[in-house]
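> Provide a 3D model corresponding to the input given below.
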Amino acid sequence: MGIIRDKKAYAVFLLPALLFYIFAVFYPIEESIRLSFMKWNGIGNKTFVMFDNYITMFKDKVFYTAFVNNLIYLLIVVVIQLSVGLLFAILLTYMTKRVTLVKTLYYVPCIVTTVAVTQLFRSIYATEPMGLFNQILNSVGLGGLATSWLANVKTVLAAVSVPEGWRFTGMYMVIFYAALVSLDPSVYEAAKMDGASELQILFKIKIPLIKDILLLTLTMCLTGALRGFDIPFLSTSGGPGNTSELMSTYMYKKAFSSNQYGYGSALAVFIIIESVLVVFTLRKLFTSREEREIKAMERERRKQRRAKG
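Residues are numbered from 1 along each chain as shown. Predicted coordinates:
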């Protein structure tokens, strides 16, 4: 107990982690912010240009294309990962056998390398030889819809979003499943005795009870999708044209292909701000809702006290 109470012991245990966090997280962010005010090609001297990189960014048409694409990509990834993950988790709670095997099988894509996932979906989307997706369309009489999904400007953005959504669905399924099975069974058993249906128990009891987990997973999913880079870049490199360009792939091209490190850093700072705003907005929305619920409960208690009085 003496060691725990000693403030110096706290410092000894926390200092290594704090130093690692400073050098691994804060230092790169600080360098990106500083470099965003510079013009530098990676070799010569850095030139201070004030806000020129940010002005260029907001005048850049490709930046706006990448931003809109990022929002669509974000929506597709979040819907797939959270809705499918939650659905599978709910179904798993009704299984009595081979639950561990099913969880393991669904979790496997999370640990498969990005290159392997990309190559798998390139094969699925292929036309020569015909991939699995086009074969399925042909077999159900929808062969007219078969196309080169990664080369068609109308389908490429959705095509690069689906692999990212599929890849981490199993991870969110495991998180949701752990939250659902940890609930007190007596709560919904009492609801069953009162005549509540399974759907009513699910939407009015189970899901509201895991709202903190929903907030956590939504935050993880959104911030992860905002950083999405590897699968879209390996699949299409932002093409054809800029139809599948994301903020992260555009930043990479500007910084490491065009050697515009200052402009690339400005894009990186924008992505950081975007991610922070998303997290704070989500927390504000959920916190405000909880505050409204608490106030409603307090008003109800006052009414009951007045009625008794």
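> ok, which stretches of this structure are strands?
Counting by DSSP state E, the chain has strands at residues 38-39, 47-48.
> mind putting the ones you listed into a markdown table with mean neighbour count?
From N, CA and C alone the C-beta is placed, and that goes for glycine too. What follows is those, written out as a markdown table (neighbours: other Cβ atoms under 10 Å):
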| stretch | mean neighbour count |
| --- | --- |
| strand 38-39 | 18 |
| strand 47-48 | 11 |
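> which one of the ones you listed lies closest to S237?
Using Cβ to Cβ as the criterion, the shortest distance between S237 and these is 25.2 Å, found for strand 38-39.
> for the residue nearest the centre of the chain, which residues are in contact?
When Cα atoms, centre = their mean is applied to the chain, the residue found nearest the centroid is C221 (2.2 Å). Residues in contact with C221, defined by Cβ atoms under 8 Å, 6 or more residues apart in numbering, are V77, V78, Q81, L82, F168, Y172.
> picking that back up, in CSV: the strands of the chain, plus mean pLDDT.
Formatted as CSV, these follow (pLDDT from 0 to 100):
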stretch, mean pLDDT
strand 38-39, 91
strand 47-48, 90
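> may I see these organised as TSV, with distance to F256 added?
Compiled in TSV, the strands of the chain are given as follows (distance: least, Cβ to Cβ, whole Å):
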stretch	distance to F256
strand 38-39	16
strand 47-48	19
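> to E128, which of these lies closest?
Distance to E128, taken as Cβ to Cβ, is lowest for strand 38-39 among the strands of the chain, at 44.8 Å.
> which outside residues touch that closest one?
Residues contacting strand 38-39 (Cβ under 8 Å, 6+ apart): K46, T47, F48, V49, D52, N53, Y261, G262, S265.
> and what of stretch 107-125?
131-134, 148-150, 159, 162-163, 166-171, 173-174, 230-231, 234-235.
> show me what counts as buried in that stretch.
P109, V117, T118, L120, F121, R122, I124, Y125 (16 or more other Cβ atoms under 10 Å).
> about what we covered before: turn the contacts of C221 into a markdown table, including neighbour count and pLDDT.
Below are the contacts of C221 laid out as a markdown table (neighbours: other Cβ atoms under 10 Å; pLDDT from 0 to 100):
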| residue | neighbour count | pLDDT |
| --- | --- | --- |
| V77 | 25 | 94 |
| V78 | 18 | 93 |
| Q81 | 26 | 93 |
| L82 | 21 | 93 |
| F168 | 20 | 91 |
| Y172 | 25 | 92 |
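> ok, of those residues, which one's closest to L92?
Y172 (12.3 Å).
> so who does the closest one touch?
Taking Cβ under 8 Å, 6+ apart, one finds Q81, L82, G85, L86, A89, T217, C221 in contact with Y172.
> before we move on, the earlier item: drop anything exposed from the contacts of stretch 107-125.
In these, the ones that pass as buried (16+ other Cβ under 10 Å) are 131, 133-134, 148-150, 159, 162-163, 166-171, 173-174, 230-231, 234-235.
> restricted to helices, list those residues.
Counting by DSSP state H, the part of those found in helices is 133-134, 159, 162-163, 166-167, 169-171, 173-174, 230-231, 234-235.
> farthest-separated two in the residues you listed?
For those, and using Cβ to Cβ, no pair is farther apart than N134 and V174, which are 31.9 Å apart.
> quick check: mean pLDDT of stretch 103-115?
Regarding stretch 103-115, the rounded mean pLDDT is 86.
> quick one on the thing from earlier: so for L209, which of the strands of the chain sits nearest?
Nearest to L209, of these and by Cβ to Cβ, is strand 38-39 at 50.5 Å.
> name the strands paired with that closest one and say parallel or antiparallel.
Strand 38-39 pairs in its sheet with strand 47-48 (antiparallel), by DSSP bridges.
> please compute how far the strand it pairs with lies from its chain's middle.
35 Å (Cα atoms, centre = their mean, to the nearest Å).
> what does that strand rub up against?
F37, M38, K39, W40.
> could you redo the residues you listed as TSV and give each row distance to E300?
Below are these laid out as TSV (distance: Cβ to Cβ, whole Å):
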residue	distance to E300
F37	54
M38	58
K39	61
W40	61
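> which one of those residues is nearest I72?
F37 (30.8 Å).
> list the contacts for the closest one?
Contact analysis of F37 by Cβ under 8 Å, 6+ apart lists F48, V49, M50, F51, N53, G262.
> which strands and helices lie in contact with the helix ranked longest in the chain?
Among the segments of the chain that qualify as a helix by DSSP H, the longest is helix 261-308. Packing contacts for helix 261-308, counted by 3 or more Cβ pairs under 8 Å, 6 or more residues apart in numbering; DSSP states H and E, involve helix 27-35, strand 38-39, helix 52-59, helix 211-226, helix 247-252.
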